[in-house]
Each structure stands twice: as structure tokens, then as C-alpha cells.
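K.L.:
Whatever this is, show me its structure:
(chains A and B)
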Amino acid sequence: MIPELGHFALILALFVALVQAVVPMIGASRGDRAWMGVASSAAAAQFALVTLAFGCLVWCYVVSDFSVLNVAQNSHTDKPLLYKITGVWGNHEGSMLLWVFILSVYGMAAALFGRNLPPTLRARALAVQGLVAFGFLVFILLTSNPFLRLDPAPPNGMGMNPLLQDPGLAFHPPFLYLGYVGFSMAYSFAVAALIEGRVDAVWARWVRPWVLAAWCFLTVGIVGGSWWAYYTLGWGGWWYWDPVENASLMPWLAGTALLHSLIVVERRDALKAWTILLTIVTFSLSLLGTFLVRSGVLTSVHSFAADPSRGVFILALLAGFTGLSLTLFSIRAPSLKGGSLFAPVSREGGLLLNNIFLSAAMGAVLLGTLYPLFMDVLELGKISVGPPYFDMVFIPFMTPVILAMALGPMLAWKRGSLKTAFARLRISLALAAAAIAVFAAFHVSWGVAASMGMAVWLFAGTMETLAERTGFLRAPWRETKRRALGLPRSFYGMIASHAGIAILIAGIAGSTAWQSERIQIMHIGDSVALGGYEIKLAKVEDGIKGPNYTAMRGIFDVSRNGVQDIALHPEKRTYDAPPRTTTKAATWGDFPHNLYAVLGDPDPKGGYVTRLYDKPLVTWIFFGGGLIALGGGLALLDRRYRVGAPTRSKYAGRDG
Amino acid sequence: MKKVFAMLPVAVFAVLVGFFIYRLVLIDHGDTPNLIPSVMIGRSAPAFDLPPLFDGQPHFAAKDLQGKVTLINFFASWCEACRAEHGFLGEVKQAGIRLIGIDYKDDPKDAKAWLARMGDPYDEVVTDADGRTAINFGLYGVPESYLIDKKGVIRFKQTGELTPDVIRSQVVPLARELSR
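P.N.:
Okay, here's the model as predicted:
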């Protein structure tokens, strides 16, 4: 009964989406307020129906209803409750339902918060949103229906991929989808603006919070996924340049560029056509990621049940949404008048530079990701593009971005002066030079010294920007405090995100440069020296029962100068269903060291393969990433985006 | 001019979609991107003649594959995963399979030191310093292992480390069957 209810709700949602896509669009072109008004009620109905469907699927998983094919294929009664719930989106069908569920949440939010938008723009944006939902609902119902029944029902399910049985699955995909799908909101606004033929500061002010929200979620999703890979895959890596990782990085890069170009549209009424294009590209890259991951056109370690017939469908959706909007762009873009002019050296110029290089980096990642496919199709051979390519192209494109990142906020709008900016950043310059000299003296490679110099430059420069704006140490203390309280939250958001990037760079450079590792066969009682620590394999306990696995656990005693500090307990788990083995690395950090232990297979002579790493500063990568997302969150709380902010009536008045 | 620029994104995108469609058609005809590992299965091992790692030992060439079931294991001293599988290669040899190590793009000095430290389970170790033989085998990366039958035909390929599970459940039973 419950699965049928969910199935039925999805079918109803499909029709509601169709109404939402068509009626307000016609209403907007006719100027009919009643027809336009359908948009928000349809969005609300859509939200209610998809939520019901999603709730039904979660219910089927929680009660382990194996008469539902999707549950039987992916769940098991022995799974802990958390993994029964997260298992809903641990497979293709369920994750698509999560996708559409999040889409409906955004639609609902746009309907709620969009009351003071120009009515035609709001109606059209919600109509485009309805069209996106319609496309994906057709996709789910025709090719990926999670509510299909199985008769007779098996006594138990087939279980979930053990790698996914981790708290990581609870947050990683939902955050990624909140990011990907969030960009659909900006896309809908861009298409609506193209239909209206008008892009202005009000539009930018309306779109930016959606982009900010999506970008924050995507950042959390990527950083969280990286952390998850770090502690579960057992090789101590946190980024593998795998196609699926690239699929999340590309919209992130485009979204980051978009965040910055929207500032220019909002403040200076310039870069309009470019910003619209970037909005379309950002969402298209989210769709492209979905296509690449689920169609099986590329080889990846992230195994989604790849299915060409689904691939054809997603490609049709991608071609439809991107193709139509880009065609619309080609018609309307020439008539979008560029606003004010600006000198190359100016805040706008800096943001444009940021856009150019971020886009170039995104293009390089895109090329590297699709290159094997191009070669294959052109019959030039099957190849794989690995980390050397990505490191080689990504770093040079990102370097100017990082260097300019400290400088940009110090430049004035319209016409800035590099001389003044550098003069204001002289302490940072000195610190960066000192950092490079110190690290070079420590015999690290020039690349690492330069990276550390960049990190110091960016961090110090960001702090100097903060000091500059608040008059820190120059103005009286009370004045500094007054100014600090008066600065907008978006400014603090920028400070936090830029500082986060600096910390991230230091983490990447540090963990690569000072990493040390020992891979060997250890017997009980053997010791290995690593990073100034003595790591002893004290014992190995076998047959430890978990809820649905049996584990072998290594007890490593870690001591320093003969004093025992802590113990590391890595595990090797063998799951009952399906019977697969996973490693659970143990990590422990004590600044600057970060120990990482993996217990491998036993060898015939009673030893164990063990992999021990010391990765100094590696946690800075995840901390920096978190700070980047936090900055986005701060900016989102800025007064000027809040409902009921003083600016609202002014703009609403102008458009209404 | 401006109009031409505005058309550019949609034109580029159309080309991209063309590539995707063609790739999906290829998949439909059974040519998946994951096919790489199986391309060499059922084919004769490519011709090679490699010099030994240790002085005074014989060369090993493709013709030497005749008459005996052989596991060719590409490894390198700089390869992390090779260390992980190294301890289990003994099981391959115990099962009566001839074990040939091909040291891939490596400094012979490092390789010798590595084998001295980790143990040398191989019947013979030869070197592929420029990686040309590896290319002919279609090597993805190290470690990689190929099980070759008595007639020199590749029957099984393992990309990545050989785990005890793979050795016991796949390599050894298949080799036993091929030795008959």
C-alpha cells in the first residue's frame, strides 16, 4: 500500500510539474496575474507530493519491505537504522528521488521567499523550475522507478555496498545534491531573465542568495566527500581526480566564478551576458555530472549501476535544458547592454580576472575528464588521464587566482591602483617572502615553498584587508569596534572563505611535502618509527562482531620518546551481505603530525601487511574547506538578502 | 560579430552532445569504456624479449611462455600497492605456477634492494626499463598481473594488487585448469 501511495504521489507530481511549467509561462506573456499565481501554488503542491513520495520510500526502507524491488536490491534487515535510511539514496533510483525532492524544496522556497520579486520574473522562473522537475519526474517514472514491486518478495535483501555503510553517506550525497540542484534555481532565474530580455542589479540581488546557498552546500559536500575518501579508502589520499570527483569540482569552479561575477552585476551593472552564460554553464555542469556518472560513458571508481538507456534519457534532459537555454542566450545576449565601464586595474577587473582563470581551470578539468571519451570516439585509442595532467594544468590556472585573491579586495571599484594595493599589503608581501625563504632553507622543493608562500600571502593579505577596513591599530579602539560591527556580513564571509583557501593550500602543500609512509609486513610486537613516533603492533583481535560485519582489529601502540601516547585501532571488516571487505583506517592528530594506520591482509607466516602514514597538516585541508563553506553561509546571512530588509520596498516599487 | 560570439556556446555544446551520443551508440554495440582490461584476454601475449634484472641470468622472451602456465607480474619498487601484494605472491608459486616478475620503469639498483628487503618470490625477474613491453600488454599501471596459458595466450588479467582472495578464488583454480 505505502509504495503504491508513493508511486501515485510521484505521478501526480508529474502532472503538477507540467501545470507549473506551462500555465505561469503563458500567464506571464499575457500579463494574466491569476495564471501567473498558479506558479506558487503548483510549487507548494509539488513539494507536498514529492515529500510524500520520498517519505514513502524511506518508510519502505525503515520497515524493510522487500516486496519493493529497490529495497530488496539495496537493503538488509541487519543493517543499523541509520544505514537503512541513508540507503535510500545509496542507489541510483533512490538518489534520483532525493534529487527531485531537493528540487521541490528549492521550488517551494522560491515560492515562499519570492513574494517581492517582479511577478512576471517570478512566474517564469518557477515555470522553468517546473519544467526541470517535469523532465526528471518523467525520467524517474520511466527508467528509474524506486517503487516497482517484486513478487514473490525475498526473505531478505541483498544488502548495501559496505563502502557506503558509513556516516559519510548520511551527509555527502544530500549536500552534493543540495549544491547541484540549488544551481537549478539560478538557472531558472537566468532563463526567465533571458525571456524577459532584462538583466539588472535587482536580478543579480535575487539570484545571488540561491547561488550562495547552492555553493555552500556543494562545498560542504565536496569537502565531506574528500574526508570520507581519506578515512575509508585506506590509501591516505583525499582527492583522486576521478571523473566523479571532477563532476563535482567543475560546477564548484563555475559556481565560484558565478558568485563573483554576480557581485559585478549587482554593484556595477556590468558583465551581464557573461554572468547569464555562467549561470547556464554552472547548472549544465551539474547535469553533465549526473550524465557522466550514471550513463557509463567514462570509467570511474564510483560505481553507479551504469545503464546506457538511462544515459540516453539524461543526455536528452541535458541537451534539452542546456541546448534550449544556450539557444535563447544566443538570441538575447547581443541585446543585453553592458553597463558601466571599468579600468583593467579595478575591483571589477580583479573579479573578471578571477572569472577568466576559474573558467579556464574548469575548462581544463572538463577537457581532462572528457579526453578519454574524445579519444575513444575518434578511434585514437583507449587512454586514461591521470593526476599528472590535472596537477599540471590546474595549478598554473589557480595560481593567478590565489595571487590576485589577496589583492582584489584592496582595489577600488572602477579604477584602482596596484601601487596603493601593494603598499597596503606590504606586511603580507614581506611575510610571504619570508615564508618562501624559510621553507626553501628547509630543503623542501621549490613548489612547496612557493605554495606555502602563496598561502601566507593570501592569509596575511586577507587579514590586512580586515585590518584596513576596521582601521585596526590606526584608528582608536572604539572606532575600530564601531567599524567592525558596521561591516556587512558578506564582507566577513569573504574574509572567512579567502582565509579558508589559504589554510587549504597550506594543508595540501604540507601534507604532500612532509608525508612519510611505511608499508611493510609486521608481526605482533614489531615496531616501526614514523614521524618521530614509535608505532608498535601490540596485537590483532580477530572475529569482532559488528551489527552486520566481522572485523579484524589491529591495536597499534603509539609512543614518543618512550612515553606511550595513544593507541590506533584500524579495522578490516568483512560484511555479511554482500560479503565484501573494507578497510577502516585509524587516524590521530597532534599538531603538526597526523598519523594514519591501515591494517591489511595477514600473510601466511603470521604477519600482517600494515600501511602507516604520517601526513602533517592534512586536517588543514578539511578545516580550510569547512571555513570556505562557512564564509558562504555568513554572506548568505547578509542583511541585504534578508526578507524584509529595508531595500526591498524600494526595488519592489521600481518593478511593480 | 557579437551575434557570432553569442552563438558559440550553443555550437560548442552541440558538438559535445554529438560525442556523447556516439559514445552511447558504441556502448549499445557492446563497446564499454571498462573494456580495457578484457581486450587482451584470449589473445597471444605480445612479443617481447627482456633482459634480466640480476646479471648472469637468462633473458625472458615471449617464446619462453610455451609449455608452462605463467603468471606475469608487473611491479616496481616505487609502487605502493606492489608492496601490499608482494607478501602473497609466494602463494602463486606454491600452487605450481611459474612466476615471472617484470620490473617496470625502475632503477635496477632500487629494484634489487627492494627485492632483497621484501623477499624475492619470482622464478625470474626481467626489466622493462622504458615501459615498451608494458604498453604492448596494455598496462594501466602497476601492479598488474597476467595469467598466461601453455600456448602463450593471456587468460586472466588483474589490474591493481593481487589480493589473497583473488589468488585463491581465481588465479589458482584457473591455473590448475589450464595446466591439465
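
K.L.:
make it CA atoms for all contacts and neighbour counts henceforth
P.N.:
Fine.

K.L.:
Residue A:166 belongs to a helix?
P.N.:
No. Residue A:166: not assigned to a helix; according to DSSP: H, G, I helix; E, B strand; the rest coil it is coil.

K.L.:
got the contact list for the residue lying closest to it once chain neighbours are set aside?
P.N.:
In space, and not counting its chain neighbours, residue A:166 is closest to residue A:83: 7.6 Å by Cα to Cα, 6 or more residues apart in numbering or on different chains. Residues in contact with residue A:83 (Cα atoms under 8 Å, 6 or more residues apart in numbering or on different chains) are A:165-167, A:170.

K.L.:
Which one (most neighbours) among these?
P.N.:
Counting neighbours by other Cα atoms under 10 Å in any protein chain shown, residue A:165 comes out on top of those with 21 neighbours.

K.L.:
Work out for me the element the closest residue to it other than its chain neighbours sits within.
P.N.:
Distances taken as Cα to Cα, 6+ apart put residue A:83 closest to residue A:165, at 6.2 Å, once the chain neighbours are dropped. For residue A:83, the enclosing helix or strand under DSSP states H and E is helix A:81-86.

K.L.:
C-terminal to that helix, what's the next element?
P.N.:
From helix A:81-86 onward toward the C-terminus, using DSSP H and E, the following helix or strand is helix A:92-113.

K.L.:
which parts of the next helix or strand after that next one are buried?
P.N.:
Downstream of helix A:92-113, the first helix or strand assigned by DSSP H and E is helix A:119-143. Neighbour counts over helix A:119-143 (16 or more other Cα atoms under 10 Å in any protein chain shown) mark A:119-141 as buried.

K.L.:
mind pulling up the phi and psi values for the residue nearest the centre of chain B?
P.N.:
In chain B, the residue lying closest to the centroid (Cα atoms, centre = their mean) is residue B:144, at 3.7 Å. Note on residue B:144: its backbone torsions stand at phi -150, psi 140 [degrees, to the nearest 10].

K.L.:
Leaving out the residues flanking it, which one is nearest to it?
P.N.:
In this structure, residue B:144 finds its nearest non-sequential neighbour in residue B:159, 4.8 Å apart by Cα to Cα, 6+ apart.

K.L.:
Next, count neighbours for the one you found.
P.N.:
So residue B:159, with other Cα under 10 Å, has 14 neighbours.

K.L.:
That one is in contact with residue B:138, isn't it?
P.N.:
No. If you go by Cα atoms under 8 Å, residue B:159 and residue B:138 don't touch, sitting 10.5 Å apart.

K.L.:
Can you read off the pLDDT for residue B:31?
P.N.:
Model confidence at residue B:31, given as pLDDT, is 68.

K.L.:
Quick check: bridge partners of residue A:556?
P.N.:
residue A:537, residue A:568 (DSSP bridges).

K.L.:
Where does the prediction get shaky in chain B?
P.N.:
Scanning chain B for pLDDT under 70 picks out B:1, B:30-39, B:80, B:140.

K.L.:
Strands along that one, start to end?
P.N.:
Taking DSSP state E as the test, the strands found in chain B are B:49-50, B:60-61, B:70-75, B:98-104, B:124-128, B:144-148, B:154-159.

K.L.:
Wait, residue B:60 touches residue B:53, no?
P.N.:
No. Using Cα under 8 Å, residue B:60 makes no contact with residue B:53, being 10.6 Å away.
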